[in-house]
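# Sequence and predicted structure below; questions after.
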Amino acid sequence: MLSTMQDVPLTVSRILQHGMTIHGKSQITTWTGEAEPQRRSFAEVGERASRLANALRDELGIDGDQRVATLMWNNAEHVEAYFAIPSMGAVLHTLNLRLPAEQLVWIVNHAADRAVLVNGSLLPLLAPLLPHLPTIEHIVVSGPGDRSLLDGAQARVHEYEELIAGRPSTYDWPQLDERTAAAMCYTSGTTGDPKGVVYSHRSIYLHSMQVNMTESMGLTDRDTTLVVVPQFHVNAWGLPHATFMTGINMLMPDRFLQPAPLAEMIEREKPSHAAAVPTIWQGLLAEVTANPRDLSSMKQVTIGGAACPPSLMEAYDKLGVRLCHAWGMTETSPLGTMAHPPAGLSAEEEWPYRVTQGRFPAGVEGRLVGPGGEILAWDGESAGELEVRGPWIAGAYYGGAGGEDFRPEDKFSEDGWLKTGDVGVISADGFLTLTDRAKDVIKSGGEWISSVDLENALMAHPEVAEAAVVAVPDAKWGERPLATVVLKEGSTADYESLKAFLAEKVAKWQVPERWAVIPAVPKTSVGKFDKKVIRKQYADGELDVTQL
């Protein structure tokens with residue numbers, strides 16, 4: 001028996017049309033670094049998206065599911081591309097501007113991008129790559145930048161504003177199959193070549209609904225969200241789509257991602273919410289500690305991409321800003337969990353829940369798998385690799401132009417679950433606590449040591465700015481932890497005092513014997529600790545290591 005419900009496809013164009021009509025007065029504010037930021041209503045953004053779609057079809061010949069890349073900061077023009085490209089039936093491909101040049105070349109060629117929209121300030125990054133990008137036929141440039149860098153380019157060069165000027169402000173959006181590709185994003189390629197994840201219209205629509213639920217970010221048209229997380233990083237965690245569903249105002253920082261301008265944005269524009277990785281909030285905390293600013297408008301921050309040190313949460317609590325842990329990855333669109341404590345608890349009772357990665361929302365199923373393939377209990381003690389499945393979870397990677405999608409055994413189980421590579425436990429009431437990445441767990445004398453636990457304990461030290469812990473070979477125990485620390489300016493802490501401090505927080509046998517002070521923890525293109533760099537530095541003898 002079939003239902004009597006209408007079969008209306010869940011598409012990005014429906015999100016766009018809803019936002020520009022029902023929430024047409026909501027705004028996207030883009031920081032310019034000048035006295036007055038750029039402001040556009042959702043209605044204006046929707047009309048400009050229609051003009052862009054007309055230009056892409058009529059001038060650039062985008063008439064099917066060709067890939068159209070963006071190499072752009074977080075700004076209104078990027079949001080216009082977010083909606084125009086998939087709504088017309090093409091595929092949005094966001095390029096991570098922080099990847100190495102050779103990886104960007106590989107990604108563009110693997111996806112066979114037909115055109116690229118680029119901010120003028122990023123032309124110095126794009127121009128040297130163009131001779132190696134044979135599929136790029138068109139370059140559309142937005143905003144100030146040196147166009148002479150494109151002299152001699154084989155691709156046709158267009159000015160964004162000139163291209164969309166005079167085009168119709170409406171577009172007859174096609175009725176697409178909701179399971180067709182809407183957007184794609186490549187993993188950062190920390191192991192092997194980057195892998196392409198292709199999001200469907202359906203997955204984006206359902207993910208956007210979940211982002212807007214109260215157990216997730218739960219924002220409304222009374223809120224303004226400061227979208228620091230890059231639009232090239234898993235669709236800015238789904239915020240551009242979610243905002244058009246509910247009319248949430250967006251504050252976009254463009255290229256002004258340093259702590260001082262972010263602090264000024266918050267004080268002047270008064271966002272009630274923000275989203276970014278922990279390193280952003282660590283930098284902002286240092287800034288407002290040295291140069292106090294009014295952050296009181298910002299009641300909630302979604303923090304993910306890496307584990308948030310509890311000491312950072314405590315510091316922001318004192319400023320009246322609540323950091324809420326979230327977990328996800330490129331393959332999960334990215335919403336996987338959020339750490340809202342159960343109702344009816346005191347602040348003290350909430351704390352153990354807040355430092356977890358949170359609960360699975362409706363739509364995401366999770367399970368823990370032991371080393372022998374056994375499914376483990378949700379008892380808060382049995383640790384295993386996290387596997388997930390759901391309607392916005394990847395089931396394969398893009399195989400390239402003309403290639404078959406592929407499912408590596410180390411990434412997907414035989415029954416179709418995504419292997420996340422994260423190790424952790426799940427409590428009986430469904431709260432996930434990740435203890436490490438599978439590749440970062442320290443296997444010492446038959447026991448596991450969580451590098452994340454050691455890092456969080458070290459970063460609670462008042463004189464430690466950052467800390468990263470990696471496994472290094474040990475003749476007796478197989479592996480032992482190496483602690484690398486970044487000390488705050490003026491610190492007088494020495495290794496013995498750090499070791500003593502750590503011994504009060506973790507089991508004595510877990511305390512590292514090897515220590516090194518470093519100027520900064522290496523970061524990946526999306527701001528996560530890049531521990532493979534530290535491991536290589538140690539192996540190559542580049543670290544000044546003291547053994548206690």
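Structure's in. What do you need? Numbering: from 1, shown residues only.
# switch to C-alpha atoms for all contacts and neighbour counts from now on
OK.
# and the gap between residue 83 and residue 240?
Residue 83 sits 9 Å away from residue 240, going by Cα to Cα, to the nearest Å.
# thought residue 537 was touching residue 543?
Yes: between residue 537 and residue 543 there is a contact at 6.1 Å, judged by Cα atoms under 8 Å.
# more neighbours, the two?
Ranked by neighbour count (other Cα atoms under 10 Å), residue 537 and residue 543 place residue 543 first, with 17 against 13.
# give me every residue that touches the more buried one.
By Cα atoms under 8 Å, 6 or more residues apart in numbering, the contact list for residue 543 reads 516, 537.
# So it versus residue 516, what's the distance?
7 Å.
# follow-up on the earlier one: neighbour count winner among residue 83 and residue 240?
Set residue 83 next to residue 240 and count neighbours by other Cα under 10 Å: residue 83 wins out with 27 against 24.
# so what secondary structure elements neighbour the host helix or strand of that one?
Applying DSSP states H and E as the criterion places residue 83 in helix 76-87. With contacts taken as 3 or more Cα pairs under 8 Å, 6 or more residues apart in numbering; DSSP states H and E, helix 76-87 sits against helix 12-22, strand 27-30, helix 42-58, strand 67-71, strand 91-94, strand 181-186.
# Pull out the CA atoms of the third one and give them to me as PDB.
Spelled out, it's helix 42-58. Extracted in PDB, the C-alpha atoms of helix 42-58 (Å, rounded to 0.1, in the frame of the first residue of the first chain):
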ATOM      1  CA  PHE A  42      17.700  37.300   1.200                       C
ATOM      2  CA  ALA A  43      15.400  38.600  -1.500                       C
ATOM      3  CA  GLU A  44      18.300  40.400  -3.100                       C
ATOM      4  CA  VAL A  45      20.600  37.400  -2.800                       C
ATOM      5  CA  GLY A  46      17.900  35.200  -4.400                       C
ATOM      6  CA  GLU A  47      17.400  37.600  -7.300                       C
ATOM      7  CA  ARG A  48      21.200  37.700  -7.900                       C
ATOM      8  CA  ALA A  49      21.400  33.900  -7.700                       C
ATOM      9  CA  SER A  50      18.800  33.800 -10.500                       C
ATOM     10  CA  ARG A  51      20.900  36.300 -12.500                       C
ATOM     11  CA  LEU A  52      24.000  34.200 -11.900                       C
ATOM     12  CA  ALA A  53      22.200  31.000 -13.100                       C
ATOM     13  CA  ASN A  54      21.100  32.800 -16.300                       C
ATOM     14  CA  ALA A  55      24.600  33.900 -16.900                       C
ATOM     15  CA  LEU A  56      26.100  30.500 -16.300                       C
ATOM     16  CA  ARG A  57      23.700  29.000 -18.800                       C
ATOM     17  CA  ASP A  58      23.600  31.600 -21.500                       C
END
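# in that helix, what's buried?
42-56 (16 or more other Cα atoms under 10 Å).
# That one - contacts with which helices or strands?
Helices and strands touching helix 42-58, by 3+ Cα pairs under 8 Å, 6+ apart, are helix 12-22, helix 76-87, helix 160-164.
# same check, this time on the fifth one
If contacts are counted by 3+ Cα pairs under 8 Å, 6+ apart, strand 91-94 sits against strand 67-71, helix 76-87, strand 181-186.
# quick one: strands adjacent to the last one?
Paired with strand 181-186 in the same sheet, following DSSP bridges, are strand 91-94 (parallel), strand 196-200 (antiparallel).
# Enumerate every residue touching residue 27.
By Cα under 8 Å, 6+ apart, the residues touching residue 27 are 39-42, 249-250.
# Let's see that with 6 Å instead.
40-42, 249 (Cα atoms under 6 Å, 6 or more residues apart in numbering).
# same thing with residue 514?
With Cα under 6 Å, 6+ apart, residue 514 has these contacts: 482, 546-547.
# out of the contacts of residue 27, who's nearest residue 381?
Checking the contacts of residue 27 against residue 381 with Cα to Cα, the nearest one is residue 249 at 41.4 Å.
# Point to the helix or strand of this structure where mean pLDDT is at its lowest.
Across the helices and strands of the chain, mean confidence by mean pLDDT, DSSP states H and E is lowest for strand 447-449: a mean of 77.
# Within its sheet, name the partner strands of that one and how each one runs.
Using DSSP bridges, strand 447-449 pairs in its sheet with strand 442-444 (antiparallel).
# Could you count how many residues lie near the residue nearest to residue 311 when sequence neighbours are not counted?
Spatial nearest neighbour of residue 311, excluding adjacent residues (Cα to Cα, 6 or more residues apart in numbering): residue 460 at 5.2 Å. When neighbours are counted by other Cα under 10 Å, residue 460 registers 20.
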